[in-house]
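Q: any chance you can model this:
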Amino acid sequence: MFQCFPVEVINSLSSLELELLRYINSHKEDVVTSSIQDLAKNSFVSTTTVIRLCKKLHLDGYSHLKYFIRQTMRDGCSSASTYASHSLQELLEEELSDIERTGRGLDLGMVRSVAALMEQQSQIHFFAKGLTSIVFEYTARHLLSLSRHVTLYNDTHVAYIQADHMTSRDLVFLGSLSGETEQVIRMALIAQSKQAKIVTFTTSPTSKLAQIGDYHFVMENNATTTLDVDTKSRCQLMLILNLIVKAFVQMTDEERLS
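A: So this is what the prediction gives:
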């Protein structure tokens, strides 16, 4: 069942919710015939936890969960066959279309503003979950190679602790395709309470994370083709971050020559 949900959704689950999902995945046949009370009792959680998990999985409730399990037992994750119905050329055009739309929608003034903050003596922090964190790692390494100290957080608990010690001198880059990843939103709220400057990257300008950001960049990600795991492209994020880094280098060079 794990492969039926985007990694952003899986990353948003608490440790207790993940354990519950693992239990459900291992006892699908039993769950589809069990009441919510029986599931809660057998998995050692409350019925509230079961309902909360359903909501995070974008299911309407426990009955919807059981229906979903029956479907996956019968058909598997339906998105798995999507690639087979498209040619490689169609897949390429779809990816390029998202990248081009992202580029056309970029606010270059905002790019320069973020680069200017980086050029100042701000402390720079990166935090995301899942595949998005890998793109952040690339950018963090890029900046380190330019002798710009940055901090990339892989441990969520450490990220929360550090955010609680931030000030207005800190600049925080936060990414989530959906803009609803629980850990990333919490990090944003803590940093915001400390007056840190927040730069966010999502595919949804109306998402919770987007609303928190002082600077928000929208990634166009409308590709309909996906595997049975989260393979949503992060090329759009790489494009935006590369442009920000180039603007930062440009400003640094201009200052050196002036």
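Q: figure out the helix or strand that residue 199 lives in.
A: Following DSSP states H and E, the helix or strand that holds residue 199 is strand 197-202.
Q: give the partner strands of that strand in its sheet and their orientations.
A: Partner strands for strand 197-202, per DSSP bridges, with pairing direction: strand 170-175 (parallel), strand 215-218 (parallel).
Q: quick one: mean pLDDT for that strand?
A: Model confidence over strand 197-202 averages 97 on the pLDDT scale.
Q: now that strand: buried residues?
A: Using 16 or more other CB atoms under 10 Å as the test for burial, strand 197-202 gives 197, 198, 199, 200, 201, 202. The way it works is simple: take the backbone N, C-alpha and C, and place the C-beta from them, glycine included.
Q: then stretch 233-252?
A: Within stretch 233-252, the residues that qualify as buried are 233-234, 236-241, 243-245, 247-249, 251-252, counting by 16+ other CB under 10 Å.
Q: quick check, nearest of the buried residues of strand 197-202 to residue 3?
A: Out of those, the one with the shortest distance to residue 3 is residue 202. That distance is 23.1 Å, counting by CB to CB.
Q: just grab the bridge partners of that closest one for me.
A: Taking DSSP bridges as the rule, residue 202 bridges to residue 218.
Q: so what's it up against?
A: Shown here is residue 202, whose contacts under the criterion CB atoms under 8 Å, 6 or more residues apart in numbering are 175, 176, 177, 178, 179, 209, 210, 216, 218, 219.
Q: the second one reaches residue 9, doesn't it?
A: Spelled out, that is residue 176. No. The pair residue 176 / residue 9 is not scored as a contact, 10.9 Å apart, by CB atoms under 8 Å.
Q: comparing the two, which residue is more hemmed in?
A: Set side by side, residue 176 and residue 9 give different neighbour counts by other CB atoms under 10 Å, the larger being at residue 176 (29 against 18).
Q: okay, that one and residue 209: tell me how far apart.
A: Using CB to CB, to the nearest Å, one obtains 5 Å as the distance from residue 176 to residue 209.
Q: hey, what's in contact with both of these two?
A: 184, 185, 200, 202.
Q: what is the neighbour count of the second one?
A: Burial measure for residue 185: 20 neighbouring residues, criterion other CB under 10 Å.
Q: before we move on, what about residue 112?
A: Residue neighbour count, defined by other CB under 10 Å, stands at 17 for residue 112.
Q: element containing the nearest residue to it once chain neighbours are set aside, please.
A: For residue 112, ignoring the flanking residues on the chain, the nearest one in space by CB to CB, 6 or more residues apart in numbering is residue 247 at 5.5 Å. Secondary-structure element containing residue 247, defined by DSSP H and E: helix 235-257.
Q: just the contacts of residue 202: which has the poorest pLDDT?
A: For the contacts of residue 202, the least confident entry is residue 178, with 83.
Q: gap between the residue lying closest to that one once chain neighbours are set aside and residue 196?
A: With CB to CB, 6+ apart as the criterion, residue 178 has its nearest non-adjacent residue at 4.8 Å, and that residue is residue 8. Using CB to CB, one gets 23 Å for the distance from residue 8 to residue 196.
Q: could you count how many residues lie near residue 152?
A: 20.
Q: elements contacting the helix or strand where it lies?
A: Element membership of residue 152 [criterion: DSSP H and E] is strand 150-153. The helices and strands touching strand 150-153, judged by 3 or more CB pairs under 8 Å, 6 or more residues apart in numbering; DSSP states H and E, are strand 123-128, helix 131-145, helix 156-163.
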